[in-house]
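K.L.:
3D, please:
(chains A and B)
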Number of protein chains: 2
Amino acid sequence: MKIAVMGFGVVGSGVANLIKKNAAVIKENTGAELEVKRILDIRDFENSEFAPLMTKNFADIENDDEIEVVVETMGGLNPAFEFVSRCLKRKKHVVSSNKELVVQKGFELLSLARENNVNFLFEASVGGGIPIIRPISRCLAGNRIDSIAGILNGTTNFIMTKMIMERTDFSSALALAQELGYAEKDPTADVEGIDTCRKICILASLVFGNQIYPEKVHTEGITKVTLEDAEFAGSFGYVIKLIAQARKLDNGKLYIIVSPALVSKGSMLAGVNDVFNACLVQGDMTGDILLYGKGAGSSATASAVVGDIIDCADNMEKRKVFGWKEEKDGMVEDYLMVPVSLFVRVKNENSAREEIEKLFPGAKILENAEELAFITAEETQKVLFEKLSASGLTVLSSIRVTTY
Amino acid sequence: MKIAVMGFGVVGSGVANLIKKNAAVIKENTGAELEVKRILDIRDFENSEFAPLMTKNFADIENDDEIEVVVETMGGLNPAFEFVSRCLKRKKHVVSSNKELVVQKGFELLSLARENNVNFLFEASVGGGIPIIRPISRCLAGNRIDSIAGILNGTTNFIMTKMIMERTDFSSALALAQELGYAEKDPTADVEGIDTCRKICILASLVFGNQIYPEKVHTEGITKVTLEDAEFAGSFGYVIKLIAQARKLDNGKLYIIVSPALVSKGSMLAGVNDVFNACLVQGDMTGDILLYGKGAGSSATASAVVGDIIDCADNMEKRKVFGWKEEKDGMVEDYLMVPVSLFVRVKNENSAREEIEKLFPGAKILENAEELAFITAEETQKVLFEKLSASGLTVLSSIRVTTY
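P.N.:
Numbering: from 1, shown residues only, chains lettered A, B, ... in the order given. Next up, the predicted model:
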């Protein structure tokens, strides 16, 4: 089967290399004979072994009827959206690793794929090499999935791990991540939770059936998490992680949020360290399922792309039932209306302890000379934040506590 | 699509209930409309809501051409093997949760399925509701898998967890497991590792491509693990788990073994507690992937069966490329020839420490008044066991140390 790859960056080159290296293994495992016929990139790669396949002209792919599957690893919306749309219209299957494309244009592209009876698959857009999207859409298809939560960004998890395990502060941990190539020079998309938010939106769209846009999801990054937070959280029996979660509420709406959160040390999510990712899926039949592995990197992400290509090869004639409907107004609940338990650090001033005890009866409290830290009972976030801001407490930080 | 269920026990009744409860969810997720038409069991279930579907006559399923998928949840080889064979010959797809059937007759049934262009699937035979077999055979199909290891039996993991976390001894932990319904009255198949061995054989057959029979796999259970082992292991930074592993050696043969093993506390496998299971897959492209969840139970296992049914519904006309070849002589290496590092407990007698230092230079040693515990460097198991038995040491226990 002839394949084209659009975008010869980290993931695209990984796909070309993987297909070359493991062609025999793939044929043995699945019967599929894969061959990369064309690679589209505006850059020159004269010294690459793939140089003979390179083109700068999209028409070389669009008009080549031998090419049945197109891999899109360009990233961004333009020209990825136009190119993918045109491939689908030419009845080529498309496999993408581009989370921005899926999260902004997923519904449109899935509809276009359906109209043209081809597949638009994107396992690689979430969790790198970890099988997540296919297990959710296939293996767990007999379940009503109630909740999904995860550590979906390796860069931030590396930083949090260093802060927890080696008592490094945020900026030193970030500098180390940059030095090791785990974080980009401009780390905003990672540390502000933007990347994580795109991924939870893709998963929530799949699980709950309607497109969910990042704009609707309250997102907090990890830049304000301090070493003191990590240490007090540790004393309470928790670690702090950047957690994305999407959960169906009793009122039928969804609670979706990305924020730093306290995770009990006994939880499987607490053991996810360094650049690893994990996704916790709660089905009504299976109970907790955790899928864990490398969430990024050339080979791991390429592995997910190739899994999708093989799925296309198996379903050339027949589109898989897969995807979601358009956005539904009012589907996402205002996060402030959802009850949580909150971890709070305040200055250890004169009457602080008394005030905490009055405002948050039953709260567990720890203190040192400078600070008090406590964990509240569950109340809506609106009430909790209002109580804190109306109090005389000097709040140093407040972080949600998860139940995962 | 009309389905028959053979065997109305824990899993079979779970399948019937799941399809009834989640029919709408399944249709929404996958487009498949599933209906249980017949249930075969020799017992009477007059008060069951499924009573009208019950039959004691296999011919009612075999001769009903409307039934396209047959679920086998009878367990055991007889009459499961005969019934499944006859269903496949009638060109019915078969989904089984029966690990004994798959591990003893997998190659024959897979061949029969191929000849008749139908699917024989068995996700539920390993790891209950955890997606394992499909992720390995589909999502990771672009990988050369080098190693697979796991905690594949919930009963023994529950017992080990109690011993580690609550310092319970083996027999009290077993009694508690029986009280809670996690262990059977005769717990032999669980505690002696027989159940785990079947599961690793199924996974190894899938990953390495040839049928592997349990008879070829060295299997040790957990009955000899003591509280003292768990405590010394803890002091060295390990927990003890019943670990199944299959790994390709440099000589091309496979190292497959089931035994108690020390797992570093930092490993994801160490965090798998109570009745949960997990499977660690190491691919050349993905690196470590961990799949975690409930390894048993009616609903969770039924969820895996239904995932396979949906896969059949999607591939009615076309058989999936899936399975393995016949047994290959000499494929499994003599475990004694494989190097490991060993944890050993001995009596703290006069010259014990000197002897350990002489026999195992560089071994880390801990001691209390009665005992010495140490961890050796890696040597072949043959050499390690020979050294120990030729020594003057009074060996109380020896347990392998894993590198997972």
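K.L.:
hey, let's count contacts and neighbours off CA atoms from now on
P.N.:
OK.
K.L.:
residues from the stretch 301-404 of chain A in reach of chain B?
P.N.:
A:301-304, A:306-308, A:310-311, A:314, A:320-322 (CA under 8 Å from any CA of the partner chain).
K.L.:
most surrounded residue in the residues you listed?
P.N.:
A:Ala304 (35 neighbours; other CA atoms under 10 Å in any protein chain shown).
K.L.:
Which of the residues of the stretch 301-404 of chain A next to chain B fall in strands?
P.N.:
Using DSSP state E, no member of those falls in strands.
K.L.:
Where does the prediction get shaky in chain A?
P.N.:
Along chain A, no part satisfies pLDDT under 70.
K.L.:
and A:Phe45, that one's in a strand?
P.N.:
No. According to DSSP: H, G, I helix; E, B strand; the rest coil, A:Phe45 belongs to no strand; its state is coil.
K.L.:
All the helices of the stretch 201-350 of chain A, in order from the start?
P.N.:
A:227-235, A:298-314 (DSSP state H, counting those that start in this stretch).
K.L.:
and A:Val395, how far is that from A:Pro260?
P.N.:
Distance, A:Val395 to A:Pro260, using CA to CA, to the nearest Å: 17 Å.
K.L.:
who has more neighbours, these two?
P.N.:
A:Pro260 (26 against 16).
K.L.:
A:Ala233 is in contact with the more buried one, correct?
P.N.:
No. In this structure, A:Pro260 is not within contact of A:Ala233 by CA atoms under 8 Å, at 11.8 Å.
K.L.:
Buried ones in stretch A:386-395, by neighbour count?
P.N.:
A:Leu388, A:Leu393, A:Val395 (16 or more other CA atoms under 10 Å in any protein chain shown).
K.L.:
Convert the C-alpha atoms of stretch A:219-237 to CSV, please.
P.N.:
Presented in CSV, the C-alpha positions along stretch A:219-237 are these (Å, rounded to 0.1, in the frame of the first residue of the first chain):
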residue,chain,number,x,y,z
THR,A,219,-6.9,25.8,32.0
GLU,A,220,-4.2,26.5,34.5
GLY,A,221,-0.6,25.8,34.0
ILE,A,222,2.1,24.8,36.5
THR,A,223,4.1,28.1,36.6
LYS,A,224,2.7,29.1,40.0
VAL,A,225,3.4,25.8,41.7
THR,A,226,6.2,26.2,44.3
LEU,A,227,8.5,23.9,46.1
GLU,A,228,6.6,24.7,49.3
ASP,A,229,3.4,23.5,47.7
ALA,A,230,5.1,20.2,46.7
GLU,A,231,6.5,19.7,50.2
PHE,A,232,3.3,20.4,52.1
ALA,A,233,1.4,18.3,49.7
GLY,A,234,3.9,15.5,50.4
SER,A,235,3.3,15.8,54.1
PHE,A,236,-0.4,15.4,53.5
GLY,A,237,0.3,12.2,51.5
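K.L.:
circling back to that earlier point, can you put the helices of the stretch 201-350 of chain A in JSON lines and add distance to A:Ala59?
P.N.:
Converted to JSON lines, the helices of the stretch 201-350 of chain A look like this (distance: least, CA to CA, whole Å):
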{"stretch": "helix A:227-235", "distance to A:Ala59": "53"}
{"stretch": "helix A:298-314", "distance to A:Ala59": "21"}
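K.L.:
Now do the shared contacts for A:Pro260 and A:Ala233.
P.N.:
A:Ile240 (CA atoms under 8 Å, 6 or more residues apart in numbering or on different chains).
K.L.:
Surely A:Phe107 is in a helix?
P.N.:
Yes. The assignment for A:Phe107 by three-state DSSP puts it in a helix.
K.L.:
and the gap between it and chain B?
P.N.:
Distance, A:Phe107 to chain B, using CA to the nearest CA, to the nearest Å: 15 Å.
K.L.:
quick one, what contacts that residue?
P.N.:
A:Gln211, A:Gly323, A:Trp324, A:Lys325, A:Glu326.
K.L.:
Check A:Asp311 too.
P.N.:
B:Arg138.
K.L.:
distance of it from B:Ser96?
P.N.:
23 Å.
K.L.:
A:Met160 too?
P.N.:
43 Å.
K.L.:
same deal with A:Ser299?
P.N.:
Counting by CA to CA, the gap from A:Ser299 to B:Ser96 is 34 Å.
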